[in-house]
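Any chance you can model this:
(chains A and B)
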There are 2 protein chains.
Amino acid sequence: MKEYSEYLSIINSAISNLRLPEHPAGLYRPIVYTLDGGGKRLRPVLTLAACQALGGEPMSAIHQAVAIEMFHNFTLLHDDVMDKADVRRGRPTVHKKWNEETAILSGDAMLTTSTMLLSVKAGDHLAQALELFNGTAMNIYEGQQLDMDFEQRSDVTVEEYIEMIRLKTSVLLGCSCGMGAIMANAPFETQVKFFEYGVNLGLAFQLQDDYLDTYGNPDTFGKAIGGDILNDKKTWLLIMAMNEDKSGTIKSMLGTDIAPEDKIRTVRSVYDSLNLPERIHELISAYIDAAIKCLDNIDLMPEARVFFMDLALRSATRDK
Amino acid sequence: MKEYSEYLSIINSAISNLRLPEHPAGLYRPIVYTLDGGGKRLRPVLTLAACQALGGEPMSAIHQAVAIEMFHNFTLLHDDVMDKADVRRGRPTVHKKWNEETAILSGDAMLTTSTMLLSVKAGDHLAQALELFNGTAMNIYEGQQLDMDFEQRSDVTVEEYIEMIRLKTSVLLGCSCGMGAIMANAPFETQVKFFEYGVNLGLAFQLQDDYLDTYGNPDTFGKAIGGDILNDKKTWLLIMAMNEDKSGTIKSMLGTDIAPEDKIRTVRSVYDSLNLPERIHELISAYIDAAIKCLDNIDLMPEARVFFMDLALRSATRDK
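Numbering: from 1, shown residues only, chains lettered A, B, ... in the order given. Next up is the predicted model:
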């Protein structure tokens, strides 16, 4: 096995060697801009590492890994249009830097390009890789639709929320792991277990994201703290508080235009009084345990097991 | 060979039997709505007919035919958002009936669904079918980008215009024919010839569309005549007139807000004085001839040749 940073640099050099066409520039430049945004590249690293952990040559999954990263960046691009977000990773979003038409069309081209990349040197695994990839994509759209539906509803349950983040975020981590297993020619059972590892990792990852948005350190987290609270975003924290806060404080805060720092302080004090920071970490730990249990059911070399266990444990304690 | 109407009814029943999921409704209902809009279904008919013309069973290409129709409808959906079009086939567009986020997300889901359909029962043809389909999709995005770029330019040449409509419109007709050839297990040379037939047919088809928008009969054409003139849309007619009209009338008409009927009458009189209606039909005939020449290089049964020749000739003389 390699270090995370080694997989990361393989991914980054594959992305910078993509050589997309230059014309028409209005179509291709926003794609290069989007991919240049960086990020953790967690998904393609999972693909290469899962492939290697199961005895495959990591480079045999490189096109599929980049395909998944391309797909992930496409979803961010279109989500930013839908959410009217102006900033992503500290830079203007594509629809702000160019315009909305460009963001829609370049995103479409990224989605098709991701399918093309997925097919490169897929050999006998093509049909299976496509089935996993396309099925995952449909789940992600369903998750995004549920997320938008939840904005209009005040009765979202915790179970519905978990199902939404499973679809919108977690299955793509599952797909990343499963894709590595497919490219390593692993048995179907192993593919499924690695997929489930990724889904549990993804649930822990998203819940930690919810936690950091409210309780993170602004210096390490990289963006302003409290954005979810100010936007009345239906995260696990808010849904739990809406269900359990009998004082009416939470409901009175929704849609109000009091000073941002007052709103953040007030909502956070309700979360604190309900012990939500501790309770979300219990939930995160449960998903990490479930992820590690999946690893126990895969026949892995010790160093591969350590790699994926570390990754899971770090997701639960990360501060950025 | 079957009649056009028989292929059409096979396509329509396959579309109504698609059985998309029902939830989340916000994601799937706009897809059903878009596919229900009807239209000529020219592309999937070409796929089934090309497959049968080359000795294949037409039903062996049904999933690929529906995939192409799904893809075509996805492009219309996203184009309507980009063009801010309110009406399509006499009904409100998705972003008017729902909203823009719905139109973007449902379109994404249609694109992924089209790739899924393309893979169904593709067997050994999967890699080749995907390559043709994805390459065509990239061409179409490039064409759409050029079309948007042209709006900002006053020096578009006729050659650039033809290249734009080749990418934006014609290659999908080529892909439809080529896909039928692939599914019929035809030799590569035959696939290429059938693809070229479709591209030439597509060029003739689009130029006839340009003609009808200005010179069509509103009763048969199904939409108001003169929309392209009122929008200063850079069609073959306008580009030719901008190049050849020495009186300055055309330039004085661009961007003016005179009464619509006056603008249409004035621009059309310049087109008439330059003989553009006759000249566009000479060009259309040349593409039809080129399409028929492609057929001559394919070993076809007489009734298959008649089917595709008729289709080409009817495209050039259609009034709707």
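
My guess is residue A:58 contacts residue A:46. True?
No: using CB atoms under 8 Å, residue A:58 is not in contact with residue A:46, being 11.3 Å away. Placement of C-beta: from N, CA and C, glycine included.

of the two, who's got more company?
Ranked by neighbour count (other CB atoms under 10 Å in any protein chain shown), residue A:58 and residue A:46 place residue A:46 first, with 30 against 23.

Surely residue A:105 and residue B:143 touch.
No: counting by CB under 8 Å, residue A:105 stays clear of residue B:143, with 10.5 Å between them.

can whichever strand or helix holds residue A:107 be found next to chain B?
In this assignment (DSSP states H and E), residue A:107 forms part of helix A:100-119. Yes: if you take CB under 8 Å from any CB of the partner chain as the test, helix A:100-119 does meet chain B, through A:100-101, A:104-105, A:107-109, A:111-113, A:115-116, A:119.

what's the pLDDT at the closest residue to residue A:40 other than its chain neighbours?
Among residues not flanking residue A:40 along the chain, residue A:8 sits closest, at 8.0 Å (CB to CB, 6 or more residues apart in numbering or on different chains). The score at residue A:8 is 97. That number is its pLDDT.

Could you check how many residues crowd around residue A:8?
What residue A:8 shows, counting by other CB under 10 Å, is a neighbour count of 17.

quick one, what contacts it?
Residues near residue A:8 by CB atoms under 8 Å, 6 or more residues apart in numbering or on different chains: A:40-41, A:45.

and what of residue A:220?
Counted by CB under 8 Å, 6+ apart, residue A:220 has contacts A:319-320.

Checking it next. Helix, strand or coil?
Of the three states, residue A:220 takes helix under DSSP: H, G, I helix; E, B strand; the rest coil.

Residue A:255 versus that one, what's the distance?
Distance of residue A:220 to residue A:255, given as CB to CB, to the nearest Å: 31 Å.

Can you give the distance of stretch A:167-184 from its chain's centre?
11 Å (CA atoms, centre = their mean, to the nearest Å).

Report the mean confidence score over that stretch.
98.

That one and chain B, any residue contact?
No: counting by CB under 8 Å from any CB, chain B is not contacted by stretch A:167-184; separation bottoms out at 9.6 Å.

what's the helix or strand for the residue sitting furthest away from the middle of chain A?
Ranking residues of chain A by C-alpha distance from their mean position (CA atoms, centre = their mean) puts residue A:247 at the top, at 34.3 Å. Counting by DSSP H and E, no helix or strand carries residue A:247.

wait, what's in contact with the nearest residue to it once chain neighbours are set aside?
Using CB to CB, 6+ apart and skipping the chain neighbours, the partner closest in space to residue A:247 is residue A:270 (7.4 Å). Residues counted as contacts of residue A:270 (CB under 8 Å, 6+ apart) are A:241, A:245, A:247, A:249-250.

Identify each buried residue in stretch A:48-60, please.
With burial defined by 16 or more other CB atoms under 10 Å in any protein chain shown, the residues of stretch A:48-60 counted as buried are A:48-54, A:56, A:58, A:60.

which of those residues lies closest to chain B?
The shortest approach to chain B among those belongs to residue A:60, at 16.8 Å (CB to the nearest CB).

The closest residue to that closest one other than its chain neighbours: neighbour count?
Leaving aside its sequence neighbours, residue A:60 sits nearest to residue A:183 (CB to CB, 6+ apart; 5.5 Å). Residue A:183 has 29 neighbours, counted by other CB under 10 Å.

helix, strand or coil for the residue nearest to residue A:117 when sequence neighbours are not counted?
Once flanking residues are discounted, residue A:117 sits nearest to residue A:67: 3.7 Å by CB to CB, 6+ apart. Secondary structure state of residue A:67, per three-state DSSP, is helix.

Next to chain B, which bits of the stretch 1-150 of chain A? Give me the list.
Residues of the stretch 1-150 of chain A found near chain B (CB under 8 Å from any CB) are A:21, A:23-24, A:26-27, A:78, A:81-82, A:100-101, A:104-105, A:107-109, A:111-113, A:115-116, A:119, A:126-127, A:130-131, A:134-135, A:137-138, A:141-142, A:144-146, A:148-149.

Could you identify the buried members of those residues?
The buried subset of the residues of the stretch 1-150 of chain A next to chain B - by 16+ other CB under 10 Å - is A:24, A:26-27, A:78, A:81-82, A:100-101, A:104-105, A:107-109, A:111-113, A:115-116, A:119, A:126, A:130, A:134, A:137-138, A:141-142, A:144-146, A:148-149.

For the least confident helix or strand in chain A by mean pLDDT, C-alpha coordinates in CSV please.
Lowest on mean pLDDT, DSSP states H and E among the helices and strands of chain A sits helix A:218-221, with a mean of 82. C-alpha atoms of helix A:218-221 as CSV (Å, rounded to 0.1, in the frame of the first residue of the first chain):
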residue,chain,number,x,y,z
PRO,A,218,-12.7,28.8,11.4
ASP,A,219,-8.9,28.8,11.0
THR,A,220,-8.7,25.1,10.1
PHE,A,221,-12.2,24.5,8.6
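
how about that helix: buried residues?
Quick answer for helix A:218-221 (16+ other CB under 10 Å): residue A:221.

ok, now stretch A:28-46?
A:28-31, A:33-35, A:41-46.

Show me which pair in those is furthest apart.
Largest separation among these by CB to CB: A:29 and A:46, giving 28.6 Å.

residues in contact with residue A:55?
So residue A:55 contacts A:184, A:186 (CB under 8 Å, 6+ apart).

Quick check: it vs chain B, distance?
Separation of residue A:55 from chain B (CB to the nearest CB, to the nearest Å): 25 Å.

on that earlier part again, quick one: contacts for the residue nearest to residue A:60?
A:47, A:51, A:56, A:60-61, A:64, A:122, A:125, A:129.

Next: residue A:59.
Counted by CB under 8 Å, 6+ apart, residue A:59 has contacts residue A:10.

Test for you: state the pLDDT assigned to it.
Value for residue A:59, per-residue pLDDT: 97.
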